[in-house]
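J.: have a look at this prediction, sequence included:
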Amino acid sequence: LSDLKVPESNLVGELNKGFYYTLELFDETRITIAAQAVGIAQGAFEKAFNYAKQRKQFGSPIINFQGVSFKLADMITKIETARLITYKAAWLFDQGRVDPVVTAMAKTYASRVAMEVTDEAIQIHGGYGYLADYHVERFHRCAKITEIYEGTSEIQKHTVARYLIKRM
């Protein structure tokens, strides 16, 4: 559409402020992306954990091997840490004390954790990790988008870095 005229009575907010209104929503929506990333990581972890319990190598479930069990321990530790920073961002938002820095930390960290955990889940599954039948590859694809939408991880890091520089 071109040369479209919108009557003043149909405007939402102030004229030419739509972009800024959208930016204000990002603090809320970034929390939901962080929560999505935590959920993706949790789902991938559960798939890997259950697979490691049932997959046997040399007569023993692979979860009994230190290489696998330590991966699982690292995965759940990262997930719980991402969950806590996401809860903090959501709690602050719920209290009416939106903190763009905490929100940026939650989104960038949870997104990174989702990528790392889904990578490890694929490793634990071995060649099966790429097969659609095992669903781990889908978690990996879903994790990637959380690093991109609602502001890339680099944008989030920029927000945190600006805060740090101001504090110094």
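T.: Now that the structure is in, tell me what you want to look at. Numbering: from 1, shown residues only.

J.: so which residues of this structure form helices?
T.: 18-54, 66-94, 100-125, 136-146, 153-167 (DSSP state H).

J.: buried stuff in stretch 27-35?
T.: Neighbour counts using 16 or more other CB atoms under 10 Å place 27, 30-31, 33-35 of stretch 27-35 among the buried residues. Bear in mind the C-beta positions are built from the backbone N, C-alpha and C, glycine included.

J.: with pLDDT and distance to residue 97 added, can I get those residues in JSON lines?
T.: Listed next are the buried residues of stretch 27-35 as JSON lines, based on pLDDT from 0 to 100; distance: CB to CB, whole Å:
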{"residue": "27", "pLDDT": "84", "distance to residue 97": "11"}
{"residue": "30", "pLDDT": "95", "distance to residue 97": "15"}
{"residue": "31", "pLDDT": "97", "distance to residue 97": "13"}
{"residue": "33", "pLDDT": "98", "distance to residue 97": "20"}
{"residue": "34", "pLDDT": "98", "distance to residue 97": "17"}
{"residue": "35", "pLDDT": "98", "distance to residue 97": "18"}
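
J.: now, of the helices of the chain, which is deepest in the fold?
T.: Greatest average neighbour count among the helices of the chain goes to helix 100-125 (a mean of 24), per mean count of other CB atoms under 10 Å.

J.: check which helices and strands that one is in contact with.
T.: Judged by 3 or more CB pairs under 8 Å, 6 or more residues apart in numbering; DSSP states H and E, helix 100-125 is in contact with helix 18-54, helix 66-94, helix 136-146, helix 153-167.

J.: the bottom helix or strand of the protein by mean pLDDT?
T.: helix 153-167 (a mean of 91; mean pLDDT, DSSP states H and E).

J.: and the angle for it with helix 136-146?
T.: 50 degrees (axes from the mean of the first three to the mean of the last three CA atoms, to 10 degrees).

J.: report all helices and strands that helix 153-167 contacts.
T.: helix 100-125.

J.: nice, that's everything, thank you.
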